[in-house]
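Colleague: 3D, please:
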Amino acid sequence: MAQFLQQLVNGISIGSIYALMAVGYSLVYSIMNFSNFAHGSVIMLGAYFGYFCLTLLGLPFGLAFFLAACGTALVAVVIERLAYKPLRDRKAPFLYFIITAMGMSIFIDNGVIATIGPTPKIFPLARLPEFIRGGTIKLGVVEVGRVDVAMFVITVICLVALIFFIDYTRVGKAIQATAYNMKASALMGINTSFIIILVFAIGGALAGVAGVLYGIKYQVYPQMSGITMKSFIAAVFGGLGSLPGALLGSLLLALIETFVSGYLSTQLRDIFSFLILIAMLVIRPSGIMGKSMEDKA
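Modeller: As a prediction, this is how the structure comes out:
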């Protein structure tokens, strides 16, 4: 029983990071109907922004965290303006968007390797707040790392704020309308170009938060953008374009991975993840909570 509870806590902790990453995929997909594979590289840049704000600039953790989120929001918007907007203006097929996203991801990853180098970076513990530093909190038979608690709390705050923004503000309603039908929204007076920029900025900011948290728990390195493929699987599992689906898919995927690692083998973890992706695409392509819509890729 103790092992089961420990694996459950570990799965929820990992799932919270997956959720932050997956929400960015779902937001962009809901508006533009394509999977933004450059999102993983933005997450990786967020980890580097946070690391260098702490080490090179010597900023307080809170300010470094905020600047990392702002930096990745700006990067996401620049990617949209430079890479995706010309394709939208030409009404290019969605396949072109996916190819461009992959190209941007490769460009950013290799640019980091060429400029910063491939050596992993570790967040300095001395620069982190007391509640995030090493150590565990014992809850009965379960031990929870302080960094895991911080990850979960920060994730919940970010996602609750996002859900409130989407559901209870005029701009959030405009995002929902644009996601439902972009042409009709434009005819009703909604500035869809601004909405697209805003969605990329929100997704980029969440990517920065996820990158910093992931970097604190593990390491910061250029190839960490590949790890975010798990968040894409979670988004597909829950339903691309659905924020509740992204949250549900992230938690379920993380729990499955954790229990497979704990009870079977860590070598089988990734196999199960991609089996879930294949099975979902075959059985229910729209995901658990996604809606079936034509021409989405």
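Colleague: Which stretches in this protein count as helices?
Modeller: With helices called from DSSP state H, the chain shows them at 2-32, 39-55, 61-79, 85-89, 94-115, 146-168, 170-180, 182-187, 192-217, 229-238, 243-263, 269-283.
Colleague: Out of these, which is closest to residue 133?
Modeller: Between residue 133 and the helices of the chain, the shortest gap by CB to CB is with helix 146-168, which sits at 6.5 Å. (Glycine included, C-beta is placed from N, CA and C.)
Colleague: Can you list the neighbours in contact with the closest one?
Modeller: When contacts are defined by CB atoms under 8 Å, 6 or more residues apart in numbering, helix 146-168 is touched by residues 9-10, 12-13, 16-17, 19-20, 23, 131-137, 171-172, 175-176, 202, 206, 209, 213, 216-217, 243, 247.
Colleague: Now, of those residues, which are buried?
Modeller: Neighbour-count burial (16 or more other CB atoms under 10 Å) is assigned, among the contacts of helix 146-168, to 9-10, 12-13, 16-17, 19-20, 23, 132, 172, 175, 202, 206, 209, 213, 216-217, 243, 247.
Colleague: if we can go back for a sec, out of the helices of the chain, which gets nearest to residue 124?
Modeller: Taking CB to CB as the criterion, helix 39-55 is the member of the helices of the chain that comes nearest to residue 124, at 6.3 Å.
Colleague: Show me what the mean pLDDT comes to for that closest one.
Modeller: Throughout helix 39-55, pLDDT has a mean value of 92.
Colleague: What confidence value was assigned to residue 296?
Modeller: As summarised for this prediction, residue 296 has a pLDDT of 43.
Colleague: change the start of the numbering to 40 and stick with it
Modeller: OK, 40 is where the count begins now, so the last one is residue 335.
Colleague: And the lowest-mean-pLDDT helix or strand in the chain, what does it pack against?
Modeller: Of all the helices and strands that make up the chain, the one with the lowest confidence by mean pLDDT, DSSP states H and E is strand 175-178; it has a mean of 73. Packing partners of strand 175-178 (3 or more CB pairs under 8 Å, 6 or more residues apart in numbering; DSSP states H and E): strand 181-184, helix 185-207.
Colleague: And the contacts of that strand?
Modeller: Under CB under 8 Å, 6+ apart, the answer for strand 175-178 is 182-185, 188.
Colleague: which among the residues you listed end up buried?
Modeller: For the contacts of strand 175-178, burial is judged from neighbour counts taken by 16+ other CB under 10 Å, and it is met by 183-185, 188.
Colleague: Flag the shaky bits of the protein, pLDDT-wise.
Modeller: Where the chain drops to pLDDT under 70, the residues are 40, 173-174, 280, 329-336.
Colleague: thought residue 269 was touching residue 292?
Modeller: Yes - distance between residue 269 and residue 292: 6.7 Å, which falls inside the contact criterion (CB atoms under 8 Å).
Colleague: got any residues that touch both of the two?
Modeller: Any residue near both residue 269 and residue 292 by CB under 8 Å, 6+ apart counts here, and that gives 57, 312.
Colleague: right, and residue 112 touches residue 237 too?
Modeller: No - using CB under 8 Å as the test, residue 112 is too far from residue 237 to be in contact (9.8 Å).
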